[in-house]
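K.L.:
sequence below, structure please.
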Amino acid sequence: MRPSLNASKALLSSKGQRFTESHGVGGRSKEGHTSLSNELIDFQGSGILPALCKLLGEPNNAGKTFTLKEIFWQMPFIHRAYCLSYQGSTELFIPLKGNCFMRNDNSKEAWFEAEIDRRYINAHTKIVIQPGFELNKIAEKYYIRRKRRFRWSSRDIEISLNQFTAYHKQIRRRIIPIYSSENRWYLKKSVVGHNNLVNSQLVLIYAAMHRLSELSRYDPMSLAKHFNVNHNWLLSEFIR
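P.N.:
Numbering: from 1, shown residues only. Have a look, this model is predicted:
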């Protein structure tokens, strides 16, 4: 937890974002068998995590509680491990390729667009990309487009950049990357429970790492038990 804590404090300080010297998140375990569903994470209203949320323009979830399992479900970089650990769980992400911003030269309208491999197209695709996106088939290829448009004009770059910045912040709520040697991008589906957490990966990683840090420091025996059950691979993938 210490590296992510220090990195967050450095980011907040460099951006001039004020914060109080507390983690801004707490955790506890429910009684019962060893399960990620029994590891609770309580979001608080002050401290480093809510300051990070404020800097990123996200809700701080103050007073809300989520399980470690719920948070892991929202992370694309361990989603394969999640779905294999919890077979039958709903897949939350659709892989994208060829992400780009298109512009209509006749109207100056611009929008986000990306291609979806046909193997991910089924009877439910048009539903799960809602709201805000539409599906199109062009020359035997499938594309999603953001319904909302923004105006881009080379004659007024400042206004265009401001519109693009606001537009980009909106789409990044559901267009999510995996940062690696070969960056990959995903669309977050609109399925039951998908919008319980609308925070970025930075916030979710911080919260999850804090709970694991608490276990390792104050209850190492309980943490060890988590590595002796079916979700041990998921935990290992997350930490790695």
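K.L.:
may I see the buried residues of the helix or strand containing residue 110?
P.N.:
Using DSSP states H and E, residue 110 maps to strand 109-116. Residues 110-116 are the ones in strand 109-116 that count as buried (16 or more other C-beta atoms under 10 Å). Heads up, the C-betas are built off the backbone N, CA and C, glycines and all.
K.L.:
wait, which of those residues is closest to residue 25?
P.N.:
residue 112 (31.9 Å; C-beta to C-beta).
K.L.:
and the gap between residue 5 and residue 47?
P.N.:
11 Å (C-beta to C-beta, to the nearest Å).
K.L.:
check residue 186 too.
P.N.:
30 Å.
K.L.:
which neighbours do residue 5 and residue 47 have in common?
P.N.:
residue 23 (C-beta atoms under 8 Å, 6 or more residues apart in numbering).
K.L.:
which SSE is immediately downstream of the helix or strand bottoming out on mean pLDDT in the chain?
P.N.:
In the chain, no helix or strand scores lower on mean pLDDT, DSSP states H and E than helix 2-14, which sits at a mean of 87. Later in the chain than helix 2-14, the nearest helix or strand by DSSP H and E is strand 25-29.
K.L.:
so what strands line up beside the helix or strand following that next one?
P.N.:
Downstream of strand 25-29, the first helix or strand assigned by DSSP H and E is strand 39-43. If you go by DSSP bridges, strand 39-43 pairs up with strand 25-29 (antiparallel), strand 65-67 (antiparallel).
K.L.:
now those as TSV including mean pLDDT, distance to residue 80 and mean neighbour count?
P.N.:
Below are the strands paired with strand 39-43 laid out as TSV (pLDDT from 0 to 100; distance: least, C-beta to C-beta, whole Å; neighbours: other C-beta atoms under 10 Å):
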stretch	mean pLDDT	distance to residue 80	mean neighbour count
strand 25-29	95	25	18
strand 65-67	97	20	17
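K.L.:
so which of those strands comes closest to residue 150?
P.N.:
strand 65-67 (32.7 Å).
K.L.:
that older thread, for the buried residues of strand 109-116, work out which two are farthest apart.
P.N.:
110 and 116 (20.2 Å).
K.L.:
quick check: residue 28 touching residue 38?
P.N.:
No. Counting by C-beta atoms under 8 Å, residue 28 does not reach residue 38; the two are 9.5 Å apart.
K.L.:
may I have the longest strand along the chain as PDB, with CA atoms only?
P.N.:
In the chain, assigned by DSSP state E, the strand with the most residues is strand 93-103. Provided in PDB are the C-alpha atoms of strand 93-103 (Å, rounded to 0.1, in the frame of the first residue of the first chain):
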ATOM      1  CA  PHE A  93     -15.800  -5.600 -20.900                       C
ATOM      2  CA  ILE A  94     -15.800  -5.800 -24.700                       C
ATOM      3  CA  PRO A  95     -12.400  -5.500 -26.400                       C
ATOM      4  CA  LEU A  96     -12.000  -2.600 -28.800                       C
ATOM      5  CA  LYS A  97      -9.500  -1.900 -31.600                       C
ATOM      6  CA  GLY A  98      -8.800   0.900 -34.000                       C
ATOM      7  CA  ASN A  99     -10.000   3.600 -31.500                       C
ATOM      8  CA  CYS A 100     -10.200   7.000 -33.100                       C
ATOM      9  CA  PHE A 101     -12.100  10.300 -33.300                       C
ATOM     10  CA  MET A 102     -13.900  10.900 -36.600                       C
ATOM     11  CA  ARG A 103     -15.000  14.200 -38.100                       C
END
